[in-house]
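Trainee: dropping a prediction and its sequence here:
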Amino acid sequence: MTWFFLSLLTALAVASQDAWVKKWFSCFNPFEMFVFPLLYSLPLTTAALFFIPAPPSLDAVFFWSFFVSLPLNAVPFILYMKAIRISPLSLTLPYLAFTPVFMIATGFVFLDEMPDKWGVSGIFAVCAGSYVLHLDTRRHSVFAPFRAMFGEKGSGIMLLVAFIFSFSSVIGKVAIMHSSVLFFQMWFFAVLSVLLAIIFSLTGSIRLKRALDFPVRSAVAGLLLFAQILFHGFAISMTKAVYMISIKRLSVVFGVIYGGLFFNEENIPMRLAGSLIMFSGAALILLKAG
């Protein structure tokens with residue numbers, strides 16, 4: 001039960017950070033919107049390192065999973081940005097729902113985790129709900145995202161993003177299993193923050209000086225990201241990775257609530273229908289599989 005609430009808190013932290021960044025950082029480009037919260041979480045992750053003891057022995061599995069996790073998290077973000085730039089959101093975002101489906105296979109290969117029949121049913125319900133939630137039938141037909149898979153470049157890229165995320169989640173758990181939650185999470189995000197800041201700065205994708213434009217707002221974004229890092233790490237260490245990610249996907253439900261309350265977003269009935277389907281999947285995972 002603890003893992004479920006931590007996963008739910010992860011989803012809430014994800015949605016809250018997304019809403020906060022959307023509200024206050026729309027003046028930045030997408031790369032800056034992603035990297036600046038990472039940089040403002042860096043003082044917290046770095047400070048935490050002084051209080052977290054290193055595990056007695058770090059084996060080869062930890063090091064390969066740590067370094068493999070870096071590109072497995074950085075590359076899909078870049079692809080994600082490309083996908084939403086070249087294709088409509090309603091034809092790209094639904095494909096993120098496939099991550100837990102792919103994780104049924106990757107979780108078995110890397111973690112020897114296999115959900116039972118109730119877990120699989122819940123996973124597919126969460127995915128189906130996420131798909132319905134992102135549909136916009138006023139602009140596209142129900143089958144448009146499926147047709148886009150063959151004709152819309154961004155849709156194919158987003159499906160690849162979902163596939164890569166299915167690896168990054170389970171490989172990250174491998175690293176946690178061979179160290180500790182706090183040791184891996186703090187070191188990983190500290191290194192990732194610096195690495196992405198250097199790469200995107202050198203390529204001209206971000207302007208680091210702009211990170212100082214809104215220090216208080218940026219600090220809040222960094223704090224929300226830090227909370228997400230903590231909740232995610234502990235939750236995924238307590239249960240099957242695919243269950244945790246499926247519950248974390250409920251962040252889109254919280255996003256719907258934020259969208260209706262603060263951004264006057266439309267198409268709420270379809271989004272609420274998708275949310276109910278996702279909640280039914282989450283209930284199946286908790287009550288029957290978790």
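Mentor: Thanks, I have the structure now.

Trainee: flag every buried residue along stretch 42-58.
Mentor: If you call a residue buried by 16 or more other CB atoms under 10 Å, then stretch 42-58 has these buried ones: 42, 44-45, 48, 52. From N, CA and C alone the C-beta is placed, and that goes for glycine too.

Trainee: cool, and stretch 200-217?
Mentor: In stretch 200-217, the ones that count as buried by 16+ other CB under 10 Å are 200, 205-206, 211, 214, 217.

Trainee: make TSV out of the buried residues of stretch 42-58 and add distance to Ala175.
Mentor: Written out in TSV, the entries for those read as follows (distance: CB to CB, whole Å):
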residue	distance to Ala175
Leu42	19
Leu44	20
Thr45	15
Ala48	16
Ile52	14
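
Trainee: which of the residues you listed fall in helices?
Mentor: The subset of the buried residues of stretch 42-58 located in helices under the criterion DSSP state H comprises 42, 44-45, 48.

Trainee: now those residues in JSON lines, please, with extra columns for pLDDT and distance to Ile257.
Mentor: Written out in JSON lines, the entries for these read as follows (pLDDT from 0 to 100; distance: CB to CB, whole Å):
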{"residue": "Leu42", "pLDDT": "96", "distance to Ile257": "30"}
{"residue": "Leu44", "pLDDT": "96", "distance to Ile257": "27"}
{"residue": "Thr45", "pLDDT": "96", "distance to Ile257": "29"}
{"residue": "Ala48", "pLDDT": "94", "distance to Ile257": "30"}
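
Trainee: and the residues you listed, which is closest to Trp187?
Mentor: Ranking those by separation from Trp187, with CB to CB as the measure, puts Thr45 on top at 8.0 Å.

Trainee: surely the closest one touches Ala227?
Mentor: No: here Thr45 does not reach Ala227: they are 11.9 Å apart, not a contact under CB atoms under 8 Å.

Trainee: ok, then the element right after the helix or strand of the chain with the lowest mean pLDDT?
Mentor: Ranked by mean pLDDT, DSSP states H and E, the weakest helix or strand in the chain is helix 144-151, scoring a mean of 60. Read in the C-terminal direction, the helix or strand following helix 144-151 is helix 153-177, with elements assigned using DSSP states H and E.

Trainee: tell me what the following helix or strand past that next one is packed against?
Mentor: Reading on from helix 153-177 to the C-terminus, the next helix or strand found by DSSP H and E is helix 181-202. Under the contact criterion of 3 or more CB pairs under 8 Å, 6 or more residues apart in numbering; DSSP states H and E, helix 181-202 touches helix 30-49, helix 60-86, helix 153-177, helix 215-238.

Trainee: what's the shortest one packed up against?
Mentor: The criterion is 3+ CB pairs under 8 Å, 6+ apart, and the helices and strands that helix 30-49 contacts are helix 2-24, helix 60-86, helix 181-202, helix 215-238.

Trainee: residue ranges in this protein under the pLDDT threshold?
Mentor: Of all residues in the chain, those with pLDDT under 70 make up the ranges 84, 88-94, 134-152, 263, 265-268, 288-290.

Trainee: from the centre of it, give me the residue that's furthest out.
Mentor: Pro56 (30.3 Å; CA atoms, centre = their mean).

Trainee: secondary structure element for it?
Mentor: Of the helices and strands defined by DSSP H and E, none includes Pro56.

Trainee: measure it to Ile247 for me?
Mentor: Using CB to CB, to the nearest Å, we find Pro56 at a distance of 32 Å from Ile247.

Trainee: picking that back up, tell me which of the helices and strands packed on helix 181-202 lies nearest to Phe124.
Mentor: With CB to CB as the criterion, Phe124 lies closest to helix 153-177 of these, at 14.2 Å.
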